[in-house]
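K.L.:
structure for this input, please:
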Amino acid sequence: MSNSWSLASANLTSVAVLVFILGFIGARIKSDVRIPEPIYQMISIYLLFGIGLKGGHALKSVTAHSFVKPALATLALGIVIPLLAFFVLKLIRKLNDMDRGAIAAHYGSTSLVTFSAALLYLDNSKIHVEGFATTLLTLLEIPGVVVGVYLGSRKLQEDVQWGKTLLEVLTGKTVLLLVGGLAIGAITTQAGFLKVTPFFIDLQSGFLALFLLHLGYLAGSNWGEIRKVGASVALFGIIFPIGAGALGVSVGHWVGLSLGGATILGVLCASGSYIAAPAAVSVGLPKANAPLALMSSIGVTFPFNLIVGIPLYLEIARAFN
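P.N.:
Below you'll find the model as predicted:
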């Protein structure tokens, strides 16, 4: 345990955490450290494709036997977590079902940057993670959004545009770039992969730092909106991820994942989306309070996971070993 908490202390002084804090402080003191929108979009595309490419290449050494149980368990978690989030949110009476569904969709989906930060944290700690971790990220991305939109819309009088919503989920850049990267990484030769490694793999940590600077700036510049979320929703944004993360870790251990693999599954279950889910929810639940769900995810849960959650889920995973 002491080893885990020493790693947790080191996490507080990691570049990932410190650059997020720098972005937050920059926004609060009115310094324009934000990344221009076109560059931000470029970085997000870079990370999505690069992580998919690396995961696809790692799939070459994965056997079907070792992958099937974790994949099925991840799909099940993609259904269970938004259900749990929706019914826990019933305790917050000022929310309507549409807003509960929108928030549930965000927490049923995943955060690419939290996933990337967790991979970096585990890599720095010399902890092995299964090669199909990126595939689990992709599998968890889709059902969470669909279930959340369904729960939020089931009592509405008007029909939800399910075709358009599903199309947004499946063809949105998150799923398309992750799946495309996975496919290309799995198909290309070792020589082909090595040619692009210096750019798409070796530079990921640097681009991730820039992305975190931007997210810190967004959190800081929207601090007023975060405060409007209210204590009850903010509390949900911290307590629910801990429970979901513990559930993910326990399921990961049950299906035979390594210490690192179980930790990553816990991180995925605990994270909240701020790329894929907002786009899909805007189509499926256009009358929901979109800023409420987004600020809960990016303003409360993301910094909590980045600073405290990732080491905590590793500690929970150690408890199962």
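K.L.:
those helices in the stretch 51-200 of the chain, which residues are they?
P.N.:
Remark: helices assigned in the stretch 51-200 of the chain by DSSP state H, counting those that start in this stretch are 64-88, 97-108, 112-124, 133-153, 162-171, 173-187, 190-200.
K.L.:
between those helices, which one is nearest to residue 305?
P.N.:
Minimum separation from residue 305 across the helices of the stretch 51-200 of the chain (CB to CB) falls at helix 112-124, 5.1 Å. C-beta here means a position set from N, CA and C on the backbone, and glycine is covered the same way.
K.L.:
residues of the closest one that come out buried?
P.N.:
112-122 (16 or more other CB atoms under 10 Å).
K.L.:
worst-scoring helix or strand of the protein, pLDDT-wise?
P.N.:
Across the helices and strands of the chain, mean confidence by mean pLDDT, DSSP states H and E is lowest for helix 2-12: a mean of 59.
K.L.:
weakest of the helices of the stretch 51-200 of the chain in terms of mean pLDDT?
P.N.:
Sorting those by mean pLDDT places helix 162-171 lowest, at a mean of 69.
K.L.:
what residues does the helix or strand harbouring residue 22 touch?
P.N.:
Assessed by DSSP states H and E, residue 22 sits inside helix 15-28. By CB atoms under 8 Å, 6 or more residues apart in numbering, the residues outside helix 15-28 that reach it are 11, 32-34, 117, 120-121, 205, 208-209, 212-221, 223, 303, 306-307.
K.L.:
let me know the pLDDT of the residue lying closest to residue 247 once chain neighbours are set aside.
P.N.:
Spatial nearest neighbour of residue 247, excluding adjacent residues (CB to CB, 6 or more residues apart in numbering): residue 269 at 6.0 Å. Note for residue 269: predicted pLDDT of 96.
K.L.:
residue 161 now?
P.N.:
At residue 161, pLDDT is 66.
K.L.:
how about residue 302?
P.N.:
We note a pLDDT of 90 for residue 302 in this prediction.
K.L.:
surely it meets residue 111?
P.N.:
Yes. Proximity of residue 302 to residue 111 meets the contact threshold set by CB atoms under 8 Å, at 6.4 Å.
K.L.:
any residues in contact with both of the two?
P.N.:
In contact with both residue 302 and residue 111: 271-272, 274, using CB under 8 Å, 6+ apart.
K.L.:
using TSV, please lay out those together with secondary structure.
P.N.:
Output for the shared contacts of residue 302 and residue 111, formatted as TSV (DSSP: H, G, I helix; E, B strand; the rest coil):
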residue	secondary structure
271	coil
272	coil
274	coil
